[in-house]
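Q: any chance you can model this:
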Amino acid sequence: MTDVAWTEGRWTTEPEQTRVAENGLFVTAKEGSDAWRTTSYGFIHDTEHALLTPLNEGRAVEVTFRADFSSQFDQAGVFLKIDDENWIKAGIEHSDGQDSLGAVVTRGESDWSLSPVPEWSGRIVTTRASWSAGAVTIRARADDEPWRLVRVAPLRSGAAVHAGPFCCAPTRAGLTVHFLGWRTTAADESLHPG
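A: Here you go, the predicted model:
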């Protein structure tokens with residue numbers, strides 16, 4: 001496993017403020033920041049704060065952060081980007097009054113899946129994206145609990161992919177996310193453990 005330095009990435013959209021500290025990276029999101037394409041809402045938002053470096057096939061990226069959200073659609077996790085119309089975001093999103101674990105997979109238009117995890121509120125969450133065999137497998141966990149499978153989505157072999165931590169604050173100002181880690185490692189050996 002290799003730590004990625006906070007200074008190695010490049011932002012898709014500059015946040016309101018960033019601060020590197022001994023215990024991680026603090027990112028304050030701009031009000032109205034989001035990543036979404038068309039589906040159900042009819043709009044395109046491409047103002048997410050994603051700090052990205054290249055990700056090679058056969059590798060995985062992990063992002064660790066504190067789940068400390070309170071407003072509609074506050075969110076953070078891992079972001080994988082091919083281009084403006086093809087990307088994946090996965091992590092925790094505060095939706096309809098509770099934290100949920102979910103993913104948005106975008107291939108021209110976005111889809112969205114969520115599963116409530118109110119017991120993860122205030123805890124340390126790690127989101128992992130593993131790319132191999134033409135697919136990305138998203139897993140997540142709170143603290144040192146077992147990994148939960150979030151999503152398996154196609155991600156074509158040979159694509160130029162960039163990945164790293166992200167956050168968004170679609171409905172408010174003042175969201176600051178505390179990221180504790182950003183690492184790369186070998187991709188998962190199989191879809192199912194054991």
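
Q: please count neighbours and contacts with C-alpha atoms only from this point.
A: Will do.

Q: which residues does Arg172 contact?
A: For Arg172, the contacting residues are 31-32, 71, by CA atoms under 8 Å, 6 or more residues apart in numbering.

Q: now find how far off-centre stretch 34-41 is within its chain.
A: A distance of 16 Å separates the centroid of the chain from that of stretch 34-41, by CA atoms, centre = their mean, to the nearest Å.

Q: ends of that stretch, how far apart?
A: 13 Å (CA to CA, to the nearest Å).

Q: thinking again about what came up before, which of the contacts of Arg172 sits closest to Ser157?
A: Gly32 (33.2 Å; CA to CA).

Q: what is the neighbour count of Ala21?
A: For Ala21, the count of nearby residues is 10 (other CA atoms under 10 Å).

Q: look up phi and psi at it.
A: phi -130, psi 170 (degrees, to the nearest 10).

Q: so what's it bridging to?
A: Assessed by DSSP bridges, Ala21 has beta-bridge partners Gly24.

Q: which helix or which strand is home to the spatially most central residue of the chain?
A: Per CA atoms, centre = their mean, the C-alpha nearest to the average position across the chain is that of Val78, at 2.1 Å. Using DSSP states H and E, Val78 sits within strand 75-83.

Q: one more: Pro15?
A: Using DSSP H and E, no helix or strand contains Pro15.

Q: skipping its backbone neighbours, what lies nearest it in space?
A: Ala29 (5.1 Å; CA to CA, 6 or more residues apart in numbering).

Q: look up how far Met1 lies from the one you found.
A: Taking CA to CA, one finds Ala29 at 28 Å from Met1.

Q: quick one, helices of the protein?
A: Shown for the chain, no helices are assigned by DSSP state H.

Q: and Asp3, what are its bridge partners?
A: Arg183.
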